[in-house]
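Chemist: show me how the following folds:
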Amino acid sequence: MKRRIFLNALAGSLAVSGLPSRPALSQKVQSGRHRLWPLWVAWREEYLRMSGRVVDVPQGRASHSEGQGYGMLLAAELGDEDAFRRMGDWTDANLAIRADSLLAWRWQPDVPGRVADINNASDGDLFYAWALVRGAARFGEPHWRLRATKIAEDLARKCIAMRPDRPDRPVLLPAALGFVDDSGIILNPSYMMPRALREVAEATGVTQLALTAEAGLDLMSEIARVRLVPDWLKLTPSGITNADNFSSNMGYEALRVPLFLAWSGERNHPALLRAADAWRSALAQGSATQTPTVLDADTGAVLETSGNQGYLAIAALVNCAVSRSTGSRMPAFTPYQPYYPGTLQMFAILAQRAEYSSCLPI
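Modeler: Predicted structure coming up:
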């Protein structure tokens, strides 16, 4: 499930290689619709098929439980019940194929049977449950909350483990299988989205998710005392270390950490402050059209950049939230970028509106 490293770098290079650009979209008010409706329509037309499948074109036109959950969360927030239902129906028909309530993590159009691995991805399950919780409230469908509860229960049962060095602290495993052995636990810190864990716990009564949110915040604070939060790490009985054969940089996975912290209202969290400092320094020294996307977690040195606006949106949100300034460098949304940065830009805009009204673009 190390699915970001090469393909996002490739997409980033293509985004600035002279291809024609589409006009960016402003946040216009439309009568009877959410203020961000034009942005949602652009996202929907670019990444969502009529079947309800969210397509990640750079990754072999695959669909992931993550993408389905991301799309349904946007649809619930912005009030598109038809799109929400279509995505939910497609997901249940194609990814809800395990013996439990969790989702197979990837569907590939060119693979026999379409699903080669029925292991789950816990961030996809978390966002899918969160979307169902919000959809149930937004569209008045209580059975979606019941479905979210079953997912939350299975996440708690199969994807939460105790830290080997801190046996009183739970962490969210990347999946039900494959990340725990006698030597320790491999984690992806970006999977522990505090706001999602808290809201799903409150709506479903699965309180262990809320405890995991707080323990995840503590873990990220511990890391941020010495370095940027990396894409992956390993917890052993003796403490935190790098995970062999996994990225130890702050890259395409971990750049979600400051975004999710900001969205969760954690503007003073040490990991958010450290990321803001790193981005501020890197942006001041680099190109105005390129955003750092991979940084050495120990030194902050920039290893890769991208011209996709979604990554600049995260850096702009984080730096504004930390500086408590008025206005930000938040770029206007454009769908002419791959699904991943396009979706993260939508999240940054939602986080900005929910938590940081003073950070609206000037």
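Chemist: so which residue is dead centre in the protein?
Modeler: Closest to where the C-alpha atoms of the chain average out (Cα atoms, centre = their mean) is residue 256, at 5.5 Å.
Chemist: which ones are touching it?
Modeler: Contact analysis of residue 256 by Cβ atoms under 8 Å, 6 or more residues apart in numbering lists 190, 193, 314, 344. C-beta here means a position set from N, CA and C on the backbone, and glycine is covered the same way.
Chemist: what is the nearest of those residues to residue 71?
Modeler: residue 344 (12.8 Å; Cβ to Cβ).
Chemist: quick one, what contacts the residue nearest to the closest one when sequence neighbours are not counted?
Modeler: Nearest non-adjacent residue to residue 344, counting by Cβ to Cβ, 6 or more residues apart in numbering: residue 310, 4.5 Å away. Residue 310 is in contact with 337, 340-345, 348, counting by Cβ under 8 Å, 6+ apart.
Chemist: go on, residue 178?
Modeler: Residues near residue 178 by Cβ under 8 Å, 6+ apart: residue 119.
Chemist: how about the strands in the stretch 51-200 of the chain?
Modeler: Ranges of strands in the stretch 51-200 of the chain, per DSSP state E, counting those that start in this stretch, are 63-64, 106-107, 160-162, 170-172, 180-181, 184-187.
Chemist: neighbouring strands for the fourth one, and are they parallel or not?
Modeler: Strand 170-172 has the following sheet partners, assigned by DSSP bridges: strand 160-162 (antiparallel).
Chemist: so for the strand it pairs with, mean pLDDT?
Modeler: On average, the pLDDT along strand 160-162 is 98.
Chemist: which positions within it qualify as buried?
Modeler: Buried residues in strand 160-162, counted by 16 or more other Cβ atoms under 10 Å: 160-161.
Chemist: and the gap between residue 231 and residue 289?
Modeler: As judged by Cβ to Cβ, to the nearest Å, residue 231 and residue 289 stand 24 Å apart.
Chemist: right, I mislabeled it, should have said residue 251
Modeler: Taking Cβ to Cβ, one finds residue 251 at 20 Å from residue 289.
Chemist: please say which of those two ends up with more neighbours.
Modeler: Neighbour comparison, residue 251 and residue 289: the larger count goes to residue 251, with 25 against 11 (by other Cβ atoms under 10 Å).
Chemist: how about the more buried one: what's its closest non-neighbour residue?
Modeler: Among residues not flanking residue 251 along the chain, residue 294 sits closest, at 4.2 Å (Cβ to Cβ, 6+ apart).
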